[in-house]
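[1] What would the 3D arrangement of this be:
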Amino acid sequence: MKILPIILGSLFFSNVFAQGNNPEKVNQAKRVINIDFKKEKGRFNRSFNFCVGAGRANEGLRADWQQQLATVQKECGFKYIRMHGLLTDDMAVYREDRNGKPEYNYQYVDALYDYILSIGMKPFVELGFMPGALASGNKTIFWWRGNVTPPKDYNKWEGLIRNLTQHFTERYGIDEVKKWYFEVWNEPNLKDGFWTGSQEEYFKLYQYSAKAIKSVNPAYKVGGPATAGAAWVPDMIDFCSKNSVPIDFISTHAYGVKQGFLDEYGSTGTVLDKNKGSVSGDVRNSRKQIENSTIPGLELHYTEWSSSYTPSDPIHDSYHEAAYILEKLKQTGSAANSMSYWTFTDIFEEAGPRFTPFHGGFGLLNTQGIKKPAFFAYSFLNKLGETEITDQDSSSWACKNKKGDVQVLLWDYTYTLPDSVNNQAYYVRDLPAKSKGEVELVISGMPSGKYRMEIYKTGYKVNDPYTTYLSFDKPDQLTKAQVDKLKKENSGAAVWHEDITVNASGKAFKKLPVRENDVAFINIVKL
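    Modelled structure (predicted):
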């Protein structure tokens, strides 16, 4: 049997996959990925780009925020977007006249949602935080002062939610709003953070909210509890079941660090959890809790997840983040209906406007729109075809599309954080990646013909703007020339391509070196 001659030269890969690095070899166990073009697993699960997060609604009125959202929607394929602060006072949705009669205003909400819908996305509506005129107290969170107290009058809260839902229906139509999700509040289990009330008071808030939404249209989807740390899932289902309160989905959150609490400034230090089941274990457990409940068919949406819960964690800027994202999504599988990455942009002001271009922000893009390695994890995922091919390798996906093109996304995930060192001290360094040997990719059963093979990559010094930023000596402000350079050098363009021919044997074979936390996307396009 003849083998397709596309074994790629070691000189090329030593330049592209190890540039700027004198790799020290570590674990050299042989890794082989065998794929049969004809063995289909089924429709590729796209829970990874069902939804993405953003900081707060008012930020969505900015032109640069909107430009960045259009970029991630186009290149990463996100369908929904979720954010805090839709009802906070800077959105001017609610006030009362001198007699205490509610007055509603949706000018800012309309401007935001009109834009989101105009680019082909939909809102995953988070109902929060409390308008000042409706709040029972003055406790707030973050620089932008989101009020986290229960309503002073639950009937007025119900009236606001009903009026808002009616407004959405009149403006966008029943068929459109049926496709949305209404999530009640954010992380009410963090009593010192997002909710000053008890669990009982949250359930009351949820009950009034669900009643309001369903009164407009019973087909509209409502859910919660939007908790931190995968909490309250059985409690939520039990409450709704026993009290005949409608619920269409469970939502909750998970982050991959193991110390700290609501630290928007990153001052306490976070440590990436080395437990293999971090994040993914929570997701699978939530699914089991639903399956074992009285309402086993509920959808499960993780409406926030990432490696770290603080927007001052340098792992978010590091090349390590791309491999981490893919590893956790692969482990999670189809346990969740959506895994909403927190967030798409560093235009995010929980700690106030940020003063440096790379500060560990949550975003796939930094404030200047520079694409981070995390961005490429999602853009590569979005390039995978609609049909998954059976693949026994635990750190790769293989897919094909209707045209007969084949895509393989593979990565190495290596935990490199030293013991007794936190993220804020480690991921700010230049961190050369050690060699992990070679990956052999064998594809059989391909239709004969001419193809173009393209290879895309992110890893150390390849689509790795933070390491380049370090070489600039970490300026507090980037010049226009520096921004242009960072964007040009980290555009995500193919690092290699070549036209090839698959003969009658239908077999393709390729070797490529891989380093710690490298990510490679191989696209074989039928010509």
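[2] pretty sure Y106 contacts Q166?
    No: using CB atoms under 8 Å, Y106 makes no contact with Q166, being 10.6 Å away. From N, CA and C alone the C-beta is placed, and that goes for glycine too.
[3] Which one's more surrounded, those two?
    Using other CB atoms under 10 Å as the criterion, Y106 and Q166 rank with Y106 on top: 18 against 15.
[4] So the nearest residue to the more buried one once chain neighbours are set aside versus M121, what's the distance?
    Among residues not flanking Y106 along the chain, H167 sits closest, at 5.5 Å (CB to CB, 6 or more residues apart in numbering). To M121, H167 is 19 Å away according to CB to CB, to the nearest Å.
[5] so what are the domain limits for this structure?
    Per the record, the chain has its domains at 4-44+387-526, 47-383, by automatic domain parsing.
[6] These: lowest mean pLDDT?
    Lowest mean pLDDT within those: domain 4-44+387-526, at a mean of 87.
[7] Run the chain-centre distance for that one.
    Relative to the chain's own centre, domain 4-44+387-526 is displaced by 20 Å; criterion: CA atoms, centre = their mean, to the nearest Å.
[8] How about the secondary structure of E103?
    With DSSP: H, G, I helix; E, B strand; the rest coil as the basis, the three-state label of E103 is strand.
[9] mind checking how far it is from D114?
    Taken as CB to CB, the span from E103 to D114 is 22 Å.
[10] same thing with Y324?
    35 Å.
[11] Show me which of the two is the more surrounded one.
    In terms of neighbours (other CB under 10 Å), Y324 is the more surrounded of Y324 and D114; the figures are 27 against 11.
[12] contacting residues for the more buried one?
    Applying CB atoms under 8 Å, 6 or more residues apart in numbering to Y324 gives the contacts 256, 272, 307, 315, 413, 517.
[13] hmm, which two among the residues you listed are most spread apart?
    G256 and N517 (14.4 Å; CB to CB).
[14] Comparing those two, which shows the higher neighbour count?
    In this view G256 and N517 are compared by other CB under 10 Å, and N517 has more residues nearby, 28 against 23.
[15] Wait, that one touches L326, no?
    No: N517 is beyond contact range of L326, at 10.0 Å (criterion: CB under 8 Å).
[16] Find the residues that touch each one of those two.
    The contact sets of N517 and L326 overlap at 411, 413 (CB under 8 Å, 6+ apart).
[17] For this structure, identify the residue most remote from the centre.
    Most distant residue from the mean C-alpha position of the chain: N99, 44.6 Å away (CA atoms, centre = their mean).
[18] Got phi/psi on it?
    When read as degrees, to the nearest 10, the backbone of N99 gives phi -100, psi 10.
[19] any idea how far M236 is from it?
    Relative to M236, N99 is positioned 37 Å away (CB to CB).
[20] next one: Y220
    To M236, Y220 is 18 Å away according to CB to CB.
[21] more crowded one of the two?
    M236 (28 against 23).
[22] Grab the nearest non-local neighbour of that one.
    Using CB to CB, 6+ apart, the closest residue to M236 is P225 (4.6 Å).
[23] Tell me the helices and strands packed up against the host helix or strand of that neighbour.
    Using DSSP states H and E, P225 sits within strand 221-227. With contacts defined as 3 or more CB pairs under 8 Å, 6 or more residues apart in numbering; DSSP states H and E, strand 221-227 has these neighbours: strand 181-184, helix 199-216, helix 233-243, strand 249-255, strand 299-306.
[24] who wins for proximity to G132 among the ones you listed?
    Nearest to G132, of all those, is helix 199-216, at 16.8 Å by CB to CB.
[25] residues contacting W305?
    Contact analysis of W305 by CB under 8 Å, 6+ apart lists 253-255, 279, 328, 339-342.
[26] wait, which of those is closest to S471?
    Within the contacts of W305, the smallest distance to S471 is 27.6 Å, found for Y341 (CB to CB).
[27] what's around the closest one, how many residues?
    Y341 - counted by other CB under 10 Å - has 25 other residues nearby.
[28] Would you map the helices across the stretch 401-527 of the chain?
    With DSSP state H, counting those that start in this stretch, the ranges of helices along the stretch 401-527 of the chain come out as 423-426, 465-471, 480-489.
[29] Now do the buried residues in the shortest one.
    Okay, so that is helix 423-426. Across helix 423-426, burial judged by 16 or more other CB atoms under 10 Å covers 423-424, 426.
[30] export it as PDB, just CAs?
    In PDB, the C-alpha atoms belonging to helix 423-426 read as follows (Å, rounded to 0.1, in the frame of the first residue of the first chain):
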ATOM      1  CA  ASN A 423      -0.700  32.400  38.800                       C
ATOM      2  CA  GLN A 424       0.100  36.100  39.300                       C
ATOM      3  CA  ALA A 425       3.800  35.400  39.900                       C
ATOM      4  CA  TYR A 426       4.200  32.600  37.200                       C
END
